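Q: Below: sequence and its predicted model.
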Amino acid sequence: MPYFDAASSAPLHPVARQALTASLDEGWADPARLYREGRRARLLLDAAREAAAEAVGCRPDELVFTTSGTRAVHSGIYGSLAGRRRVGRHLVVSAVEHSSVLHAGAALEADGGTVTEVPVDRTGAVSPAAYAAALRPDTALACLQSANHEVGTVQPVGEVAEACRAAGVPLLVDAAQSLAWGPVEDGWSLLAASAHKWGGPAGVGLLAVRKGVRFAPQGPADERESGRSPGFENIPAIVAAAASLRAVRAEAAAEAERLRGLVERVRVRVPELVPDVEVVGDPVRRLPHLVTFSCLYVDGETLLHELDRSGFSVSSGSSCTSSTLTPSHVLRAMGVLSEGNVRVSLPVGTAASDVDRFLSVLPGVVSSVREKLGAPASPVSPAPGGNDLTIDALGKRCPIPVIELAKVIGDVPVGGTVTVLADDEAARLDIPAWCEMRGQEYVGETRRERGSAYVVRRVG
C-alpha cells in the first residue's frame, strides 16, 4: 500500500533502524558518568551531535537534542523571549507557520505579549519587505519556517534573515520539512527540526542556538543538554536520528531530482484528469517531494477515506477533516480553495509506478465522491425582477454550499447575483476561491445573526 504522507512522518530509514539496534547495546548508560559504560554512551552522544551539527551548519556546542520538534520550537521561542525580555514582548511570525509556533504565540498574547502575523501571497510565500515592516523596536524574536508543511512552498529565509539582522532581531527557523533536503539559507539565529520528518525515530528533535544569541532556558534548571532540554537523553534514538539525517543528506540531490519529477507529473496530470481542481503552492520554489491540490464539490474526509480504501495514504488540510470544522489556517491565509484538499508527500524511494497508479485511481475516486454528495434540493427563491437568487445553505457543511451555488449560477442572467446563506466557516474561504476558479465576481459577505450572506455576481 503506497504511503504518501511523508510530510507528517517519514518511514524509518534503514540506516536509522541499523543505528538504533546497534546503539541499544552501547548507549544505555548515563553519559554524564565517568566509568566505562558512561564513557561509551558519551562517545555515541558526542558523535551524534557532531553529525547533526554538520548537517545543520552550526557548531556542535550550539546544538542540543530535545524530545520532539514541537519541544524544540517551544524551547527556542520561550528561551529567546526570556533572554530578550528587556527589549520587549513582541513576536513576529508568518501566517502559515506550524501550529507549534502559532500556539506559542497565542500563549504569549494570553500573557500580555503581542504577536504580528505577516501575510502570505496566494502561493504561500511571505514578502521579505512585509516581514521587515513588521519588525519593531520591541520585537524580541521573529519566526519563519524554511518550507511550508501543507503546500511545500519554500520561504525566502535568507532575505528575511538579512532584514532581521539589520533590525537586531534574532530569527528562529522551523526547518522540520526541509532539513532532509539540505541546509537552511544562512543568517538564522535559532533552528528547530524533528527527526521523524527525515526518517529518524519519533521522539527526537533538535534545537540550534547560535553563539551570541541572548537565550534563557525556561523551567527548573537541569544539567543536561546545556540546560536547554531537561531529562535523560535517549541516546539510541539520538544516534539513529543523526545517522539517518546524514544518510538522507548523502542521497538528497539525486532523490530530490527524481521525486521532483514525480511531483511535477502529479501537478500537471491531476488538473488534466480531474475537472475543477486547483493545485496550490509555489510551482517552482517548493519542496521536491510534496504537492497539494483541492477538488471542488468534494467532502475532504470522504475523499481521504476512499483513497485509503483504494490503497493510498494521503493527508489533507481540508476543513472537512478537522474536528474544529474550520479551514486549514495555511489555506485560509493563502486564500485558496480548502474543500477536497489532498496533500501528497512522497517518501524517499517512492516508485514511479505507484504515482502512476495513484493518477489512474484518483479520477474515479473523485467522481464517485461527487456523485455520492450530489446536489441536494435547495430552497431557491427568486428575488424581485428575477435577476437574483437566494440559497439557504444554513446548517450544511462544506462542500454543500459551493455545490448549491454552482448548480444555480446559470439560472440568473449575466449581471444577476446569487446570495448564499451559510454558517459553515469554510464557506468564507471556499466561495471566493470558487469565484476565482470559475471566473465569477465575488461581491462580498454580510454577517447575519446566524451565519453570513455571500453574494456572487454572474459574469459569464
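A: In hand now; what should we look at? The model shown is predicted, which means the values in this text are computed figures rather than measured ones.

Q: In the chain, where is pLDDT below threshold?
A: The model of the chain has pLDDT under 70 over residues 318-326, 375-386.

Q: Spatially nearest residue to the spatially most central residue of it (excluding sequence neighbours)?
A: Centroid-nearest residue in the chain, with CA atoms, centre = their mean: His149, separated by 2.4 Å. Distances taken as CB to CB, 6 or more residues apart in numbering place Gln177 nearest to His149, at 5.2 Å, with adjacent residues excluded. The C-beta positions use only the backbone N, C-alpha and C, and glycine is treated the same way.

Q: now do Val213
A: Val213 sits nearest to Ser189 (CB to CB, 6+ apart), 4.8 Å away.

Q: Distance check, that neighbour against Phe215.
A: Note on Ser189: its distance to Phe215, by CB to CB, to the nearest Å, is 9 Å.

Q: list residues touching both of those two?
A: Common contacts of Ser189 and Phe215, defined by CB atoms under 8 Å, 6 or more residues apart in numbering, comprise 80, 209.

Q: gap between Asn57 and Ala16?
A: Careful, residue 57 is Gly; it's not Asn. In terms of CB to CB, Gly57 sits 21 Å off from Ala16.

Q: The residue nearest to His149 touches Val151, doesn't it?
A: No. Between Gln177 and Val151 there is no contact under CB atoms under 8 Å: 10.5 Å.

Q: Double-check that Ala19 belongs to a helix.
A: Yes. According to DSSP: H, G, I helix; E, B strand; the rest coil, Ala19 belongs to a helix.

Q: so who does the residue lying closest to it once chain neighbours are set aside touch?
A: Sequence neighbours aside, Ala243 is the residue nearest to Ala19 in space, at 3.8 Å (criterion: CB to CB, 6+ apart). Neighbouring residues of Ala243 by CB under 8 Å, 6+ apart: 15-16, 18-19, 48, 51.

Q: Please spell out the ChimeraX selection for the buried subset of those.
A: Applying 16 or more other CB atoms under 10 Å to those, the buried members can be selected in ChimeraX as follows:
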select :15,16,19,48,51
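
Q: Can you classify Val443 by secondary structure?
A: Here Val443 is strand, with the state taken from three-state DSSP.

Q: Look up how far Pro236 lies from it.
A: In terms of CB to CB, Val443 sits 60 Å off from Pro236.

Q: ditto for His74
A: For His74 relative to Pro236 (CB to CB), the value is 24 Å.

Q: Could I get the full set of helices for the stretch 1-150 of the chain?
A: Here the stretch 1-150 of the chain has its helices, by DSSP state H, counting those that start in this stretch, at 14-23, 36-56, 69-83, 99-110, 128-134.

Q: who wins for proximity to Ala247 among those helices?
A: Nearest of the helices of the stretch 1-150 of the chain to Ala247, taken as CB to CB: helix 14-23 at 3.9 Å.

Q: quick one: contacts for Leu287?
A: With CB under 8 Å, 6+ apart, Leu287 has these contacts: 147, 152, 154, 177-178, 181, 345.

Q: My error: substitute Val239 in the last question.
A: 19-20, 23, 27, 44-45, 47-48.

Q: Recalculate using a threshold of 6 Å.
A: Val239 makes contact with 19, 23, 44, 48, according to CB atoms under 6 Å, 6 or more residues apart in numbering.

Q: how about the nearest residue to it, chain neighbours excluded?
A: Ser23 (4.2 Å).

Q: Of Val443 and Pro236, which one has the most company?
A: The neighbour comparison of Val443 against Pro236 (other CB atoms under 10 Å) goes to Pro236, with 23 against 14.

Q: before we move on, the earlier item: and the angle for the helix or strand where the residue nearest to Ala19 lies with helix 36-56?
A: Assigned by DSSP states H and E, Ala243 falls within helix 235-250. Put simply, helix 235-250 runs at 30 degrees to helix 36-56, going by axes from the mean of the first three to the mean of the last three CA atoms, to 10 degrees.

Q: In contact with Ala331, which residues?
A: Just so we're on the same page, residue 331 is Leu rather than Ala. 317, 338 are the contacts of Leu331 under CB under 6 Å, 6+ apart.

Q: could you dump whichever helix or strand it is part of to CSV, C-alpha only?
A: Under the criterion of DSSP H and E, Leu331 resides in helix 329-334. Extracted as CSV, the C-alpha positions of helix 329-334 are listed here (Å, rounded to 0.1, in the frame of the first residue of the first chain):
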residue,chain,number,x,y,z
HIS,A,329,-5.0,28.2,8.7
VAL,A,330,-2.5,27.8,5.9
LEU,A,331,-5.1,27.5,3.1
ARG,A,332,-7.1,30.3,4.7
ALA,A,333,-4.0,32.6,4.8
MET,A,334,-3.3,31.8,1.1
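
Q: For Val284, grab the count of nearby residues.
A: Residues near Val284, counting by other CB under 10 Å: 7.
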